[in-house]
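In: Sequence and predicted structure, then a few things I'm wondering about:
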Amino acid sequence: MTRTFDPIELELLWRRLISAVDEAAVAMVRTSFSTLVRESYDFSCVITDQDGQSLVQASESIPSFIGTLPETVKHFLRAFPPGKLEPGDVLITNDIWLGTGHLPDITLAKPIFKDGKLIAFSATTAHAPDIGGKIRSPEPREVFEEGLQIPPMKMIAAGKTDETLVTIIRKNVRTPDQTMGDLYAQIVALDVMEDRLRTLMANYGLDDITDLAREIQGRCEQAMRLAIRALPDGTYRSELKTDGVHDTPITMKLELTIKGDEIAMDFAGTDPQVDRAINCALCYTNAMAMYGVKVCTSPNLPNNEGAWRPIKLTAPEGCIVNPVFPASGGSRMLIGHYVPTLVFGCLGQIVPERVMAACGSPMWGMNQSGVRNGRPYANMFFYNGGMGANTQGDGVTCLSWPSNVSSTSIEISEHIAPLRFHHKKLRSDSGGAGRHRGGLGQEILIESLSESPIAVSFLAERTVFPAFGIEGGSDGAPGELRINGEKTDPKKQYVLQKGDTVALGTPGGGGHGDPRKRGAAALAADFAAGYVTDRAAYGR
């Protein structure tokens, strides 16, 4: 018999579910070993139904994992149907095409049983501090160069840890304690979600969550379909160029078709995959495209399976947003973070008030590895550019988008790495001029204090093609990377000696509207704060 829920009961259940995944996220942060989880919040927690369909995600989850994580659970189910699962199992993989598009993201999932019946999964994805291979950069040509590949398998079988797998992981990474510590923190989160879900079911007399999932997902699907139906039918196209590799830009194209209450997206015409690690697996492309549609149609709708059902996506096999094995993809966000902007380019033609100018993203990062006190180490630090302006106001300064990964603080960075930060400050005039100004980027000057050489690589884009303005707004300032004062290619790996310096200038966001229409008070505040020094950019 199908159970129904009155609005008050459903809201109480929904809030309990959110509390369960949020508590799991807090537990993961508190028990993690690396700054990627503890400081940058580069992870996600979800509960799915027994079929791997997402039900609820933690508030701190990043947009890409919200889309990829439930799909990985479905891949787990293909490898391990219910008959091959038992209580106490924990599944693991970092497969590029089944996971998030690059090896450092490790996904764990735990089947949840009640009275011998599979009823749900708790699942997490987190960015590991190291996965072996060449340090993360755009340089690798094949996935084999990028580190340890873990196929879908059981890390824990019926409560017993696979110590052989643990030994293999520890042997292949530069940070064995941190990498395994974070994996165990993920397991803590899985257990918290399982425990809280069991308590909720007991409190409300639920034998399983089938009816609850159907109700929540169905309501979200209905709301998304209504939001899509409110848009005019038609086919809309956009394209853009990225900095690319070998001084050759990459062209990305999107055709978005609205028909009734459904949206279809097609990336036909996008450039082919390349022999560098900027290829973006379809799982990541799909997640970023869904995110772009959702924020333009129904941004406050919960993120679960129901919200995605009216949206379909295709991309030619072998193109850079759907690469084939053995393509490398460690720096896939250098392509993937452009996907929501392509979606905005299409939907902005019919709902311009819902989109913003281009952002100073993809998010920037510096990966470094070396030997300290006789032990190898590796660290990843994120640095954000400015967001694009929109009809409502200025772009936010130094904020990650479309990811919501946090910047790593100077204090933490200097504590865990032999680096000195001479300054970290806002970048004047980097936000594109407009009636609403683009968000500012930042300038960071870093010096190596290491007695031994440090290998560094970067995740950096918009050094050639800046974040564009819209509705008459100006472009943001392009990004810039200098090593020992000399402008360098951000897609190559470098070796720093003691005393060498790295200067990063992250891109600013694009402006929105005619700069001459910017309010006098707002412009005066910009000059007073040092955000703007060029009066000519505003026709003053």
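Out: Noted; the coordinates are in hand.
In: correct me, but Phe144 touches Ala327?
Out: No: using Cβ atoms under 8 Å, Phe144 makes no contact with Ala327, being 10.8 Å away. Every C-beta, even on glycine, is put in place using the N, C-alpha and C of the backbone.
In: So between the two, which is more surrounded?
Out: A direct count of neighbours by other Cβ atoms under 10 Å for Phe144 and Ala327 places Ala327 higher, at 25 against 11.
In: Around Thr251, count how many other residues there are.
Out: Considering only other Cβ under 10 Å, Thr251 is surrounded by 13 other residues.
In: now do Gly83
Out: 7.
In: can you check Ala25 too?
Out: 24.
In: and the host helix or strand of it, what's its mean pLDDT?
Out: Per DSSP states H and E: Ala25 is located in helix 7-31. Per-residue pLDDT values over helix 7-31 give a mean of 96.
In: Pull out the buried residues from it.
Out: 13-14, 16-18, 20-25, 27-29, 31 (16 or more other Cβ atoms under 10 Å).
In: helices or strands up against whatever helix or strand comes next after it?
Out: Per DSSP H and E, the first helix or strand lying C-terminal to helix 7-31 is helix 35-38. With contacts taken as 3 or more Cβ pairs under 8 Å, 6 or more residues apart in numbering; DSSP states H and E, helix 35-38 sits against helix 7-31, strand 117-127, helix 176-204, strand 375-383.
In: Tell me which other helices or strands the third one touches.
Out: Read it as helix 176-204. Secondary-structure packing of helix 176-204 (3+ Cβ pairs under 8 Å, 6+ apart): helix 7-31, helix 35-38, strand 43-49, strand 90-93, strand 105-114, strand 117-127, helix 163-172.
In: From the chain's centroid, how far away is the last one?
Out: Taking the mean C-alpha point of helix 163-172 and that of its whole chain, the gap between them comes to 27 Å (Cα atoms, centre = their mean, to the nearest Å).
In: and if you look at the fourth one?
Out: Strand 90-93 sits 20 Å away from the centroid of its parent chain (Cα atoms, centre = their mean).
In: Give me the contacts around it.
Out: 72, 75-76, 80, 99, 106-111, 150-156, 165, 183, 187, 190 (Cβ atoms under 8 Å, 6 or more residues apart in numbering).
In: re the thing from before, can you redo the helices and strands packed on helix 35-38 as TSV with distance to Pro316?
Out: As requested, these are exported to TSV (distance: least, Cβ to Cβ, whole Å):
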stretch	distance to Pro316
helix 7-31	36
strand 117-127	27
helix 176-204	35
strand 375-383	31
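In: With Leu256 as the reference, name the closest of these.
Out: strand 117-127 (27.2 Å; Cβ to Cβ).
In: Name whatever forms a beta bridge with Ala109.
Out: Beta-bridge partners for Ala109, by DSSP bridges, are Leu91, Ala123.
In: my guess is it contacts Ser122, does it?
Out: Yes: with contact defined as Cβ under 8 Å, Ala109 counts as touching Ser122 (7.1 Å).
In: These two - which one has more neighbours?
Out: The neighbour count for Ala109 versus Ser122, taken as other Cβ under 10 Å, is higher for Ala109 (31 against 28).
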